[in-house]
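K.L.:
Below are the sequence and a predicted model for it; my questions follow.
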Amino acid sequence: MTAVCLALLAGCAQFPDASSEPWRDKPEIGAERAPQPQSPSPSEPSAPAAPPGGASGPPGPCVDPDPQVVATCLGAVSAVVTLPGGQAALVAERTTGRILRVAPETTPQPIATVSVDAAGDGGLTGLVLSPTYAEDQLVYAYATTSSGNAVLRIAPGDVPKPVLTGIPRGSSGNRGAIGVEPNGTLLVATGDAGSGTGLAGKLLRIDPFGRPAPGNPDPASPVVGSGLRSPGDVCPDVSSNTTWVTDRAGSRDVLLGVRPGVAPGTAAAAAPGWTWPERPGVTGCAAGGGTLLVALSDGRAVSALKPTAEGRFVGAPEEVLQNTYGRLSGADLASDGMLWLGTANKDAGGTPGSTDDRVIRIRPPSGGGSGPD
């Protein structure tokens, strides 16, 4: 069985930082020349029709002139996960608990609603497709409920059902994330709930039924690491055989690397990470094509890093999309190579515009995907 690689014994680990070398590859972002989307939320009015004679009036309340904007007038987006084929995505609204299917030139379609307690930083904060989504169409979510934080499984046409409960809830530190490792295991990062006790502030490996995954240090426990505070996302990087976890670790923001295949407790178990002393608010992440992209909420940008096959980094991050869309949150790379991002300008600290919150689909920095030129 494959084991998660963390520098830990008995299921607890601390994560080191990495040094850097001069940055050489400057990423560029170019617009995807798609037709201008007009995707109002179901709760908002549609844009008025153009007047007769070919003249066009002012844009409607939920029509964004940016051709890269896929959906508008949403609640604060906390997570984005693209669907097979790359032409649509599922997005999570943190405070409403809604999960919506969004696509260019299509009205967002609600597919499920999770009953959430969104006080502080809680709510619906994590979203991932089942490892066998093509067969079962299942979605897994991380959410703050009235009884605590939990991992939920959502089947088409069914109500969300808990698969892992008992994660403490606090006045803060409730944000959590969920992802799928390259081998198909669910990896869950939990906030510390202000205390870090029990399953709070932990890294968990579970199977699709919420049970401890095979190969965990303690076969009876889902815990494989500790020391998390307010994780933003979990994203796999097949090219480096690493799963990355973003976390706001108090005095700094960090990027943690989890690598399978090395016995727990050895020095090679925890991949080197990256540290942002300026605390730009790391949130969603996406990896592909030799680039790791980290969305920044307070930094209002995307940080592009170059990981090596060993899980280290070449050079320093390059920030792109600076102050273009405001506070960025969820992120995912689609199978066609396009980068999808969500915004959280309606969250505390944001300055929402008339069409916020939005979902954006863009061409990623060079090397970030395998899509067309």
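P.N.:
Perfect, I can see it now. Only a predicted model underlies this, so the values are computations on that prediction, with no experimental measurement involved.
K.L.:
can we go C-alpha only for contacts and neighbour counts from here?
P.N.:
Noted.
K.L.:
pLDDT score for G261?
P.N.:
Confidence at G261, expressed as pLDDT, is 49.
K.L.:
If you could redo that for F15, that was the one I meant.
P.N.:
With respect to pLDDT, F15 has a value of 38.
K.L.:
Numbering from 855 from now on, please.
P.N.:
Right, with 855 as the first residue, what we last looked at is F869.
K.L.:
Could you list the residues in contact with the host helix or strand of R955?
P.N.:
Assigned by DSSP states H and E, R955 falls within strand 952-957. By C-alpha atoms under 8 Å, 6 or more residues apart in numbering, the list of residues contacting strand 952-957 from outside reads 924-925, 941-947, 962-968, 978.
K.L.:
Strand partners (parallel or antiparallel) of it?
P.N.:
Partners of strand 952-957 in the sheet, by DSSP bridges, are strand 943-947 (antiparallel), strand 960-967 (antiparallel).
K.L.:
hmm, back to that, from the contacts of strand 952-957, which would you call buried?
P.N.:
Buried members of the contacts of strand 952-957, scored by 16 or more other C-alpha atoms under 10 Å, are 924-925, 942-947, 962, 964, 966-968, 978.
K.L.:
Of the residues you listed, which pair is most distant in space?
P.N.:
Greatest spatial distance among the buried ones among the contacts of strand 952-957 (C-alpha to C-alpha): V924 and V968, at 23.0 Å.
K.L.:
Can you spell out which helices and strands pack onto the helix or strand hosting V934?
P.N.:
Following DSSP H and E, one finds V934 within strand 931-936. For strand 931-936, the packing partners by 3 or more C-alpha pairs under 8 Å, 6 or more residues apart in numbering; DSSP states H and E come out as strand 943-947, strand 978-983, strand 1182-1187, strand 1193-1197.
K.L.:
mean confidence for the third one?
P.N.:
The predicted model assigns strand 1182-1187 a mean pLDDT of 97.
K.L.:
Give me the below-cutoff pLDDT ranges for the stretch 855-1004 of the chain.
P.N.:
Low-confidence segments of the stretch 855-1004 of the chain (pLDDT under 70): 855-914.
K.L.:
again, 50 this time
P.N.:
Under the criterion pLDDT under 50, the flagged ranges of the stretch 855-1004 of the chain are 855-912.
K.L.:
Which stretches in it count as helices?
P.N.:
987-990 (DSSP state H, counting those that start in this stretch).
K.L.:
Tell me who's in contact with the residue positioned nearest the centre of the chain.
P.N.:
Centroid-nearest residue in the chain, with C-alpha atoms, centre = their mean: G1138, separated by 3.5 Å. Neighbour list for G1138: 933, 1086-1088, 1100, 1148-1150, 1183-1186 [criterion: C-alpha under 8 Å, 6+ apart].
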